[in-house]
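Asker: have a look at this prediction, sequence included:
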Amino acid sequence: MAMADEKKTVTAGPVDDVSRREFFVKLGLGSLSIAAAGTTVFAYQFLSPNVLFEPSPIVNAGKPESYPVDSVTLDVNSGIYLIHAKEGFFALSAVCTHLGCLTAWKPELGIIACPCHGSKFSREGVKQEGPAPKPLPWLRTWVSDEGDLMVDRDTSIRPMEYVRV
Ligand code: FES
């Protein structure tokens, strides 16, 4: 009889407490891990050098044969004119010396004109009118070992130094 009244009571309390505790410990560790990962990413970005990579000032203008005599070719990407005159090749900066606008060759007028404030230059870069304070600079130009015309946009030279090919 006593056996029939006997009830087994299973208390789940201690087991639940441990699980709850473990749950919160794991939750805390997870939060710390996420915060640590975020801090690591931020620190890496902060400590990485913030460098701007500028393109090389050296421009490969290609083969001289691709420029007919008496042609003026604007390379918009590099901001230079490659000019094949009867005397030889030369390169001019296409950037206006007033406030830095990109100029344009006007074949019908035979001049280089700035669209911003009206400065005008001869094909040799000499200022003819407008607010530009200086002529368009001639840029160092040479022929590479491979036979390509090369221009250094960062190095200006004296005018009338032609490259003969
Ligand atoms: S920027 Fe060329 S005239 Fe002003």
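Answerer: Looks like it arrived, so ask away.

Asker: in this structure, where's the longest helix?
Answerer: helix 13-47 (DSSP state H).

Asker: please give the centre-to-centre distance between that one and its chain.
Answerer: Offset of helix 13-47 from its chain centre (CA atoms, centre = their mean, to the nearest Å): 41 Å.

Asker: quick one: residues in contact with stretch 132-146.
Answerer: Defining contact as CB atoms under 8 Å, 6 or more residues apart in numbering, one finds that stretch 132-146 is touched by 60, 64, 80-81, 89-98, 103, 112, 114, 119, 121, 125-127, 149-153, 155-161, 163, 165. C-betas here are computed from N, CA, C, even on glycine.

Asker: so which residues on this structure come close to the ligand?
Answerer: When proximity is defined as CB under 6 Å from any ligand atom, the chain approaches the ligand at 96, 98-99, 101, 114, 116-119, 130-132.

Asker: just checking: what are the partner strands of the host helix or strand of Leu74?
Answerer: Leu74 belongs to strand 71-75 when assigned by DSSP states H and E. In the sheet, strand 71-75 lines up against strand 80-85 (antiparallel) (DSSP bridges).

Asker: what's the strand it pairs with in contact with?
Answerer: Residues external to strand 80-85 that are found in contact with it (CB under 8 Å, 6+ apart): 59, 61, 64, 67-75, 89-94, 105, 112, 123, 136, 139, 149, 151, 153, 162.
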